[in-house]
Each structure stands twice: as C-alpha cells, then as structure tokens.
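**Q** Test case, fold it:
(chains A and B)
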Amino acid sequence: GIQVEQSPPDLILQEGANSTLRCNFSDSVNNLQWFHQNPWGQLINLFYIPSGTKQNGRLSATTVATERYSLLYISSSQTTDSGVYFCAVKGWNNAGKSTFGDGTTLTVKP
Amino acid sequence: GAVVSQHPSRVICKSGTSVKIECRSLDFQATTMFWYRQFPKKSLMLMATSNEGSKATYEQGVEKDKFLINHASLTLSTLTVTSAHPEDSSFYICSARDRDRGNEKLFFGSGTQLSVL
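**A** Alright, predicted model coming up:
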C-alpha cells in the first residue's frame, strides 16, 4: 500500500515563530488532507488539498502531486496550535481508505 | 456543517463485558464510515470500513468477531467491543465522508477512550 512519511516527528517552537511540516507519499494520490489533533483527541480538518495551494488565516498548505509531497505552513504560531498534525492520503487504488502518516507533534511555548 | 458525534467519550468496564460505541453524522449522510484505533503517541490505525446496509470490511489482523460493526442507517455506525480485555484498552475514533460532497473530506468524531480493568 501507499506509504506516508511525515517530518519532523517532533517540533518545539516559541510563540510567534513560523514552521513548515512535510508529508511525503509513495504513490499518486487523489485525496490528501491535513488534520490537527488537539490534546483531547479531536481531529480537526485543516485542508483538503490533493494539489495546489490553499490558505486559511495563519495556516497554508501546498501539495506538489507530481513530486509526491505536501507542506503545511504555520505562521506566527500560538500555544493553541500545539498538538499533533497528521497528513492522510488516499491513492487511486486504495478502495476509499485513507492512509495516515505518523504525525508531527508540535509544542508551542509561551 | 459536517459534524460527527461519537459517544461515549470515555468508558471504563470490567474484563469480559461488551462495550458499544456510537458514531453519528449529524448533518449529512454517510454511506461509508471508518473506525480507527489509536495508541498513545501513535498514528491512527484503520480497523474497518463500515458500509451502510452491508457488512463491514475489516483490515488484516482485526478480529471481526471481537469488533462488531453495524451500519444500519446513513447516519449511524456502531462498534461493539465484545468480551473486552485489558489489551483492548485504547482510543477509538470514527470518521465519515459526506456523500453529498463527493466523498472528498473525512470528518471525525471526538473519540472514545476505553479502559478495560
């Protein structure tokens, strides 16, 4: 099946700093989403972005499908950004199932 | 829109009992729902795909007799952990795709922390 690698596994930032999270995948995808899992376990949709670039406030994401990677940018980070960020992809032959990366654990310190 | 409700959020049970977890799509119809298991500081592991009106599709290594899934309507899927044992303790999460949005985005429930004593 499709392999998903996220980097870095852990990231510690000072409030106000910017960061870039990366998601590499091993095959062509028709669906890619970024999620934020808060400390209580809830996963929140950030972006649905199988290709191209999107922005939502301090967050933006870019997927270069031909090169099989996606980037999530967090600018002016806040303590509430802390949590785990997951990338999930669905390949063309994946029977509707999404494969999750291992996540990036972000800690933003005040 | 696209809210998925999962209950209970936390359950503690004795070994040998069964526990039912509900996953509801509140404002959309979901022909497909997914059940995941998550260990501490780990990623989500897909357990099964729940299909409305038909049998669930289980991932390799997941015991279908242990984890019973029922998807009786377009808005409700249930996961029953039968004869629970301490090793079944985990965080269980459901997700659903909005049928009318072309099955693009996944929306998640808030998860259920199961502790088996």
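
**Q** What parts of chain A come near chain B?
**A** Proximity of chain A to chain B, by Cβ under 8 Å from any Cβ of the partner chain, involves residues A:31, A:33, A:35, A:40-45, A:48, A:86, A:88, A:95-103, A:105. (C-beta placed from N, C-alpha, C; glycine too.)

**Q** from those, which would you call buried?
**A** A:31, A:33, A:35, A:41-43, A:86, A:88, A:97-103, A:105 (16 or more other Cβ atoms under 10 Å in any protein chain shown).

**Q** Which residues are in contact with the residue lying closest to residue A:26 once chain neighbours are set aside?
**A** Among residues not flanking residue A:26 along the chain, residue A:3 sits closest, at 4.0 Å (Cβ to Cβ, 6 or more residues apart in numbering or on different chains). Residue A:3 makes contact with A:25, A:26, A:27, A:99, according to Cβ atoms under 8 Å, 6 or more residues apart in numbering or on different chains.

**Q** Of the residues you listed, which is the most crowded?
**A** Among the contacts of residue A:3, residue A:25 has the most neighbours (other Cβ atoms under 10 Å in any protein chain shown), with 24 neighbours.

**Q** so the residue lying closest to residue B:10 once chain neighbours are set aside is in which element?
**A** Take residue B:10 and drop its neighbours on the chain: the residue closest to it by Cβ to Cβ, 6+ apart is residue B:113, 4.7 Å away. Taking DSSP states H and E as the criterion, residue B:113 maps to strand B:112-116.

**Q** Pairing partners for that strand, with directions?
**A** Strand B:112-116 has the following strand partners under DSSP bridges: strand B:10-13 (parallel), strand B:90-97 (antiparallel).

**Q** okay, now residue 66: neighbour count?
**A** Unless you meant another one, I'm taking chain A. So residue A:66, with other Cβ under 10 Å, has 8 neighbours.

**Q** oops, chain B please
**A** By other Cβ under 10 Å, the burial measure for residue B:66, its neighbour count, is 14.

**Q** Tell me how far it lies from residue B:83.
**A** Distance, residue B:66 to residue B:83, by Cβ to Cβ, to the nearest Å: 7 Å.

**Q** on that earlier part again, which one of the strands paired with strand B:112-116 lies nearest to residue A:56?
**A** For the strands paired with strand B:112-116, the distance to residue A:56 is smallest for strand B:90-97, at 20.4 Å, taking Cβ to Cβ.

**Q** what's the closest one in contact with?
**A** So strand B:90-97 is in contact with A:41, A:43, A:96, B:4, B:6, B:21, B:23, B:25, B:28, B:30-40, B:44, B:77, B:79, B:81, B:103-109, B:111-114, going by Cβ under 8 Å, 6+ apart.

**Q** Dump that strand to CSV, keeping only the CA atoms.
**A** What follows is strand B:90-97, C-alpha atoms only, in CSV (Å, rounded to 0.1, in the frame of the first residue of the first chain):
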residue,chain,number,x,y,z
SER,B,90,-7.3,2.2,23.6
PHE,B,91,-8.6,5.4,22.0
TYR,B,92,-11.2,4.6,19.3
ILE,B,93,-12.2,7.1,16.7
CYS,B,94,-14.7,7.1,13.9
SER,B,95,-14.8,9.2,10.8
ALA,B,96,-17.2,9.6,7.9
ARG,B,97,-17.3,11.1,4.4
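
**Q** State the next helix or strand along the chain beyond that strand.
**A** Following strand B:90-97 in sequence order, the next helix or strand is strand B:106-108 (DSSP H and E).
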